[in-house]
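Asker: I would like to see how this sequence folds:
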Amino acid sequence: MPARGPVDLPAREPAAAELARAATRAADSLLAPAAGIRLGDVVPAPEQVTPALGADFVLTPDAVIRVSADAAARTVADQLAALLRPATGYPLPVADAARPEPAGGVALVLADSGDLGPEGYRLDVTPDGVRVEAATPAGLFFAVQTLRQLLPATVESRTPVAERWVLPGGSITDRPRFAYRGAMLDVARHFFGVPDVLRVIDHLARYKLNHLHLHLTDDQGWRIAVDSWPRLAEVGGATEVGGGTGGHYTRDDYRRIVAYAAERHVTVVPEIDLPGHTNAVLTAYGELAPDGVAPPPYTGTEVGFSYVDPTNERTYDFVADVLGEIAALTPGPWLHIGGDEAFKVRPDAYAAFVERVQRIVAQTGRTVVGWHQIAPVPHAEGRVLQWWGTKGDDPATADAVHRGARLVLSPGNHAYLDMKYAPDTPIGHDWAGMIDVHRAYDWDPGTHLTGVPAAAVLGVEAPLWTESITSRAEVEFMLFPRLPAIAELGWSPRSTHDWAGFRDRLAGHGPRWDAAGIAFHRAPEIPWPAEPAEVPRPTGQPTPGTPRTTIPAQPGPNEATQPGPDEAATLT
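Answerer: Residues are numbered from 1 along each chain as shown. Next up is the predicted model:
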């Protein structure tokens, strides 16, 4: 029988369930210690936090999740239930309601709250339950990510845990600073299958990041099937760095990634890198090479040596066909065309190529994104430059902004998550310097580039290039704990920026990652708490509070809430 909303009863005859909850709360107040988690211990830091002493809420086995009668909001409620059921062991039925009220559980309420914007929310915790209000399902979803952080770390366990499921009392009002908050996964240098990508999406959603940039093509591999040019995937996708077998996503694979991301309010940004980084293209279709000859596959890590012929009309047929098919598969507004490190293309030919490709993107109905090397090219309406420099003074990019471009900031010396944490980090690069957690956190996207106003900054993105990264565990090791630092820069108001406070809040996430089986670097600058003896640790995880110098060979369990039948064995 489907769960139903609360039934109104006369005030003089309280329901038995309400009496039981009151008794439980009274017993808890006498027998249990105060909640160890504070209302402000959230990452990214909320805009406004108002604690209320003595107003904690204890989630009990009879709790119900009530939600506004809206299909997308119902999806969020189902996701919340799926997050909480494994560790609590509670049934947590979900019920639609015209006017949801907590009634000893959780209420997710869609309301016309114009001041919260499209992703903001209000969260109120009282002894009677939790009420979340947002103008959109996205706002409800991001509130759920906050709610999960307010529960004990063991809520991340995939098996039942004996725990007092208490949330600290008070209210949070929250909304993002920047509209674009993302991370990039390079699947071209080393291929990562669909289950790995879905897990990365879960990681992004956990910290309120809302864009996944997939670097789908490069010299070492082409990773997306294109019907009109089938050899791109069949031939160009058969290699990777180091000589592995590579791989590619079928159209259904890609649709699955896009749909999974959309359910978590993450927009996929596909990148087809042009005109350089195209050896895999040329291996498949030598007719696009400057000399018309297909080069051998490339499995090294050098850059800047390959390019499609910008003087060949067949090249533009290829570009139009590929971008048209990718646009048709991608509901998001962005198409990323790369544009970096085309060192062997003459400047005039490069500019003409990029300008024409910008027009092709516009014809697909999408907005062009490119690395900041495309800055000098004439402006296309709405275009976005992704800046990955290491110095704060870039006149060419500033000029492009003055001509109408917006920026996504990915400074190589702060946001590139393939950089080593320290000299002894076993994987990664150091060309942009070492990036420990402090360095990842210690910059301001709104003022980072000289001559670029904060209003021109669309947001931030943390790229993870994979020349040296070969497994899911290694991906997570490089993402965590730096990804939450970038997430806080993208979400939180600048007024909350405080390294000492952030490191203390972040430290509490170590036990959460342990419980979820997430591999991470135990950065020595973070005061990780001691691990409770009763919390089981996944194989290969070292003791918190010490730097990690090796990476576990086996990834942890899947964090996805609804894995498909073909991935269940892989992800658990």
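
Asker: sec struct for the spatially most central residue of the chain, please.
Answerer: Centroid-nearest residue in the chain, with C-alpha atoms, centre = their mean: Leu204, separated by 2.0 Å. Under DSSP: H, G, I helix; E, B strand; the rest coil, Leu204 falls in the helix class.

Asker: surely it touches Met184?
Answerer: No - counting by C-beta atoms under 8 Å, Leu204 does not reach Met184; the two are 10.5 Å apart. All C-beta spots, glycine's among them, are computed from the backbone N, C-alpha and C.

Asker: identify the contacts common to these two.
Answerer: Leu212 (C-beta atoms under 8 Å, 6 or more residues apart in numbering).

Asker: need the strands for the stretch 401-550 of the chain, in chain order.
Answerer: Secondary structure of the stretch 401-550 of the chain by DSSP state E, counting those that start in this stretch: the strands cover 406-409, 457-464.

Asker: and what of the stretch 201-350 of the chain?
Answerer: 211-215, 217-218, 221-222, 267-274, 334-338.

Asker: over to the stretch 51-200 of the chain?
Answerer: Counting by DSSP E, counting those that start in this stretch, the strands of the stretch 51-200 of the chain are 57-58, 65-68, 94-97, 106-110, 121-126, 129-134, 166-167, 170-174, 180-186.

Asker: turn the ones you listed into TSV, including mean neighbour count, distance to Gly332 and mean pLDDT.
Answerer: Output for the strands of the stretch 51-200 of the chain, formatted as TSV (neighbours: other C-beta atoms under 10 Å; distance: least, C-beta to C-beta, whole Å; pLDDT from 0 to 100):
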stretch	mean neighbour count	distance to Gly332	mean pLDDT
strand 57-58	22	37	98
strand 65-68	25	25	98
strand 94-97	19	28	97
strand 106-110	25	23	98
strand 121-126	24	22	98
strand 129-134	24	21	98
strand 166-167	22	34	98
strand 170-174	21	24	98
strand 180-186	26	11	99
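
Asker: now those strands in a markdown table, with distance to Ala500?
Answerer: Converted to a markdown table, the strands of the stretch 51-200 of the chain look like this (distance: least, C-beta to C-beta, whole Å):
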| stretch | distance to Ala500 |
| --- | --- |
| strand 57-58 | 29 |
| strand 65-68 | 36 |
| strand 94-97 | 40 |
| strand 106-110 | 32 |
| strand 121-126 | 25 |
| strand 129-134 | 29 |
| strand 166-167 | 25 |
| strand 170-174 | 21 |
| strand 180-186 | 23 |
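
Asker: closest to Ala396 out of these?
Answerer: Between Ala396 and those, the tightest spacing by C-beta to C-beta is seen for strand 180-186, at 21.2 Å.

Asker: mind showing which ranges of the stretch 151-300 of the chain have poor pLDDT?
Answerer: Scanning the stretch 151-300 of the chain for pLDDT under 70 picks out no residues.

Asker: related to what we said a few turns ago, point out the most buried one among the strands of the stretch 401-550 of the chain.
Answerer: Highest mean neighbour count among the strands of the stretch 401-550 of the chain (mean count of other C-beta atoms under 10 Å): strand 406-409, with a mean of 26.

Asker: which elements pack onto it?
Answerer: Applying 3 or more C-beta pairs under 8 Å, 6 or more residues apart in numbering; DSSP states H and E, one finds that strand 406-409 makes contact with strand 384-387, strand 457-464.

Asker: sheet-wise, list the partners of it with their directions.
Answerer: strand 384-387 (parallel), strand 457-464 (parallel) (DSSP bridges).

Asker: now those in CSV, with distance to Thr397 and mean pLDDT?
Answerer: Output for the strands paired with strand 406-409, formatted as CSV (distance: least, C-beta to C-beta, whole Å; pLDDT from 0 to 100):
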stretch, distance to Thr397, mean pLDDT
strand 384-387, 6, 98
strand 457-464, 11, 99
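
Asker: could you dump the ones you listed into JSON lines and include distance to His248?
Answerer: Shown next, in JSON lines, are these (distance: least, C-beta to C-beta, whole Å):
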{"stretch": "strand 384-387", "distance to His248": "24"}
{"stretch": "strand 457-464", "distance to His248": "19"}
